[in-house]
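*Asks:* generate a structure from the sequence data that follows.
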Amino acid sequence: MKDSLRDLNITELSTMEEDSGLDIMYLNKHRHSSSTSSSAPERENDGFNKRKLRITMQDYPRKSGQILSGQYGINLLLLGFAFMLGVSYHGHSIKEKHLVSYITTLMLMQLLWMLWYIVRKDRQKHALPEKDAHAGTSWLRGGLTILAMLSLIMDAFRIGKYVGYKACLSSALVVYPVVHAIHTISQVYFLWFHIKDVIKTFETFERFGVIHAVFTNLLLWCSGAMTESQNVLDAHKKRLSALGFMNYTYESHEPYCNCTTKACSMFSNSLYYLYPFNIEYHIIVSAMLFVMWKNIGRTIEHHQHHIKKKPVAKTAGLVAGPILGFVALAGTIGVLVVYLIQVEATLETRTWAIHMFYQHGIVLMGSMFIASTLGLIIYRTDSWPQDSSKNPSRQLDKELLCGSAIGSWIMSWCGVVAAVASHSEPSYRWTNLAYSLLLVLEKYFQNLFIVESLYLKQEDEEEGSAREVEEGVERSGEAGMSSSRIFSVTSSSTQVPPYDGIINQAFVTQEKMCISLDGSQVKNSHLYQYQCQTPQDSPPLPAVSRTAAALNRKRQILRNIAVFLVLCNSALWLLPAFGCRPQYDNGLEQETFGFAIWTMVLNFAMPLNLFYRMHSVASLFEVFCHV
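*Replies:* The predicted structure is shown next:
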């Protein structure tokens, strides 16, 4: 007996050596000394510090690569931003061809990297690459493909326009749309087949390649947003000049030569209707590629490889959400058309159009605020399971929602200050104040609803119903479970193993007559005796069914809320994307902050607002699939 105990102690010490890296000879030498109790915690701390140091040293190259590649991408963007500032000044030093040449060079470098990556992956077909199931869902890639097709149409219009003016344009302006079209097609292919890849080879080089693609798309987004903002500002100055508020001489941005084709004007006018789609395409691509950059060298959790696919189409009970959403979308399109017509007419119709916009916005955002609050109340009243696993896509969604909301919040609080401090008394002064405050609340609660929905643990409809049924059974049978149970288990051991899928057929069939389940089954030296349960002792089945029905109703309500918010955010994206921007036209903020400062604020905040609405649509669709 003593020999066996001695062997057992030696085995335990060997295990400690393998786990903590301690020297077994050192332990045996001081085993019987009086200082063992005082020095053991120190040795354990030393072993823990050594393991922590090894982990830190292993993670050091990854962190260093992220910092180096991140700084490289930021400087690419800042250099392009410096070119854009020079172009917007309309000076003689920096022309549009310099900016276009720089962006074209970046796109060609990205094309070379994507070609190298695709060829290398094709040669490694025998290896099974790790995939991040949460990165780049199929519906997101499908929506991105639609935006890419609209961007290709925009490139075709650019090519047609530049061909007409080729006599007086730099060759860089003609090459740019061709390279951009090739870049768009290649990038969509890359996103469809490689965006889920978790790169584990050539990590440092791949980090620079992916981050180069991220900031190239960010620069394209900034360039498109600058051009679109310039067009809106020119239209605003023309309206002010027509109404007699300012003297403005319109500066044409067309080349100083005659077009050789008859379609040049058509191409030029159509470009500005396609800019919003091109802008959203590039910002969504940069977000998806950023997730791929975060996944480089990452160890995917085991359970992520076995995620059960959930059906996307969950149309059962979708009535109120789609109907109210399409009503809001139709009303928004009507407001957009009326606003664009009336704001350029007389001063009276302009004031009425601005007042109409604010009233429509108050009703729409008030409804969105109520819907988001209702969804949060449903989450708070029940204990919905939460998912705390590491997910870069979800983390990025949360950060982008809160970060891009800053643009609207800046405009809102400037509107609040202007409405209170302004000396003028237009009819829309206080509606502007209510609109601005409601915009802050709507985004605040919508962000909270989206983030809380994305952190729900995904489970099938049947699993969720079963969980609710089990909770209902426990609640309804809690009082009588001490005297009568569904299973009567007799065991010779105090520790009872799980049921291993044995089902109480009397409960499943819900028959009044008791099905004989008397018998015995031997497993792992434990004896289970399943005794029959009388219908009087079983939990009330109508209560259980009511619990499952209540769960289904709550899920239907949440899906209706998600669909309603998707359509409302789409409507609120349409308004500023196609020129309905009363922040330029109401005059309150311009009077308070000055024309130059307020224009600078709008040029910064409006692209963020557009991105917020489009990103909210994508996140809410994910919520719809998630619930």
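*Asks:* would residue 262 count as being in a strand?
*Replies:* No - counting by DSSP: H, G, I helix; E, B strand; the rest coil, residue 262 is not found in a strand; it is coil.
*Asks:* which residues are in contact with it?
*Replies:* By Cβ atoms under 8 Å, 6 or more residues apart in numbering, the contact set of residue 262 is empty. Quick note: C-beta positions are derived from backbone N, CA and C, even for glycine.
*Asks:* and it, how far is that from residue 169?
*Replies:* 18 Å (Cβ to Cβ, to the nearest Å).
*Asks:* burial measure for residue 326, as a count.
*Replies:* If you count neighbours by other Cβ atoms under 10 Å, residue 326 ends up with 14.
*Asks:* that one contacts residue 567, correct?
*Replies:* Yes - under the contact definition of Cβ atoms under 8 Å, residue 326 touches residue 567, with a separation of 6.3 Å.
*Asks:* mind checking the SS state of residue 423?
*Replies:* coil.
*Asks:* count the neighbours of it for me.
*Replies:* The tally of other residues near residue 423 (other Cβ under 10 Å) stands at 6.
*Asks:* how about it, nearest residue that isn't a chain neighbour?
*Replies:* The shortest distance from residue 423 to any non-neighbouring residue, by Cβ to Cβ, 6 or more residues apart in numbering, is to residue 591 (7.5 Å).
*Asks:* keeping just the C-alphas, turn the helix or strand containing that neighbour into CSV.
*Replies:* Assigned by DSSP states H and E, residue 591 belongs to helix 588-593. The C-alpha trace of helix 588-593 is given here as CSV (Å, rounded to 0.1, in the frame of the first residue of the first chain):
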residue,chain,number,x,y,z
LEU,A,588,-30.4,78.5,-38.6
GLU,A,589,-27.0,76.7,-38.2
GLN,A,590,-25.4,78.9,-40.9
GLU,A,591,-26.5,82.0,-39.0
THR,A,592,-25.1,80.7,-35.7
PHE,A,593,-21.8,79.1,-36.8
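*Asks:* check which helices and strands that helix sits against.
*Replies:* Under the contact criterion of 3 or more Cβ pairs under 8 Å, 6 or more residues apart in numbering; DSSP states H and E, helix 588-593 touches helix 392-421, helix 595-626.
*Asks:* my read is that residue 179 contacts residue 109, right?
*Replies:* No - contact between residue 179 and residue 109 fails when scored by Cβ under 8 Å: they sit 11.1 Å apart.
*Asks:* if you count surrounding residues, which of the two has more?
*Replies:* residue 179 (18 against 15).
*Asks:* any idea which element that one lies in?
*Replies:* Assigned by DSSP H and E, residue 179 falls in helix 171-194.
*Asks:* that helix - contacts with which helices or strands?
*Replies:* Helices and strands touching helix 171-194, by 3+ Cβ pairs under 8 Å, 6+ apart, are helix 96-123, helix 138-164, helix 264-295.
*Asks:* adding mean pLDDT and distance to residue 610, write those out as JSON lines.
*Replies:* JSON lines is the format used below for those (pLDDT from 0 to 100; distance: least, Cβ to Cβ, whole Å):
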{"stretch": "helix 96-123", "mean pLDDT": "92", "distance to residue 610": "21"}
{"stretch": "helix 138-164", "mean pLDDT": "90", "distance to residue 610": "13"}
{"stretch": "helix 264-295", "mean pLDDT": "88", "distance to residue 610": "7"}
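*Asks:* in the chain, what secondary structure element scores lowest on mean pLDDT?
*Replies:* Scoring the helices and strands of the chain by mean pLDDT, DSSP states H and E places helix 24-29 at the bottom, with a mean of 39.
*Asks:* pretty sure the residue nearest to residue 423 sits against residue 418.
*Replies:* Yes - Residue 591 is within contact range of residue 418, at 7.2 Å (criterion: Cβ under 8 Å).
*Asks:* out of those two, which sits in the busier spot?
*Replies:* residue 418 (24 against 15).
*Asks:* on that earlier part again, and the helices and strands packed on helix 171-194: which comes nearest residue 345?
*Replies:* Evaluated over these, closeness to residue 345 peaks at helix 264-295, with 20.7 Å, by Cβ to Cβ.
*Asks:* just give me how far that closest one sits from the chain centre.
*Replies:* Its chain's average C-alpha position is 17 Å from that of helix 264-295, according to Cα atoms, centre = their mean, to the nearest Å.
*Asks:* which strands and helices lie in contact with that helix?
*Replies:* Partner elements for helix 264-295 (3+ Cβ pairs under 8 Å, 6+ apart): helix 138-164, helix 171-194, strand 197-198, helix 203-242, helix 392-421, helix 595-626.
*Asks:* those into JSON lines, with extra columns for distance to residue 278?
*Replies:* Putting the helices and strands packed on helix 264-295 into JSON lines (distance: least, Cβ to Cβ, whole Å) gives the following:
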{"stretch": "helix 138-164", "distance to residue 278": "5"}
{"stretch": "helix 171-194", "distance to residue 278": "9"}
{"stretch": "strand 197-198", "distance to residue 278": "26"}
{"stretch": "helix 203-242", "distance to residue 278": "5"}
{"stretch": "helix 392-421", "distance to residue 278": "18"}
{"stretch": "helix 595-626", "distance to residue 278": "12"}
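*Asks:* of all the ones you listed, which lies closest to residue 347?
*Replies:* Going by Cβ to Cβ, the one of the helices and strands packed on helix 264-295 nearest residue 347 is helix 203-242, 10.4 Å.
*Asks:* give me the below-cutoff pLDDT ranges for the stretch 401-550 of the chain.
*Replies:* By pLDDT under 70, the low-scoring segments of the stretch 401-550 of the chain are 458-550.
*Asks:* look up the closest residue to the most centrally placed residue in the chain, ignoring the ones flanking it.
*Replies:* Taking Cα atoms, centre = their mean, the centroid of the chain lies closest to residue 397, which sits 3.0 Å from it. Using Cβ to Cβ, 6+ apart and skipping residues adjacent in sequence, the residue nearest residue 397 is residue 619, 5.4 Å away.
*Asks:* quick check, that neighbour in contact with residue 401.
*Replies:* Yes - if you go by Cβ under 8 Å, residue 619 and residue 401 touch, sitting 6.5 Å apart.
*Asks:* between these two, who's got more neighbours?
*Replies:* Ranked by neighbour count (other Cβ under 10 Å), residue 619 and residue 401 place residue 619 first, with 27 against 20.
*Asks:* how about the more buried one, what does it touch?
*Replies:* 397, 401, 450, 454.
*Asks:* enumerate every residue touching the nearest residue to the last one once chain neighbours are set aside.
*Replies:* With Cβ to Cβ, 6+ apart as the measure, residue 394 is the residue that lies nearest to residue 454, at 5.3 Å, once sequence neighbours are left out. For residue 394, the set of contacting residues under the criterion of Cβ under 8 Å, 6+ apart consists of 134, 454-455.
*Asks:* let me know the pLDDT of residue 394.
*Replies:* pLDDT recorded at residue 394 is 85.
*Asks:* from residue 615, how far out is it?
*Replies:* Computed as Cβ to Cβ, the residue 394 to residue 615 distance reads 13 Å.
*Asks:* buried residues, stretch 427-437. List them.
*Replies:* 428-429, 431-437 (16 or more other Cβ atoms under 10 Å).
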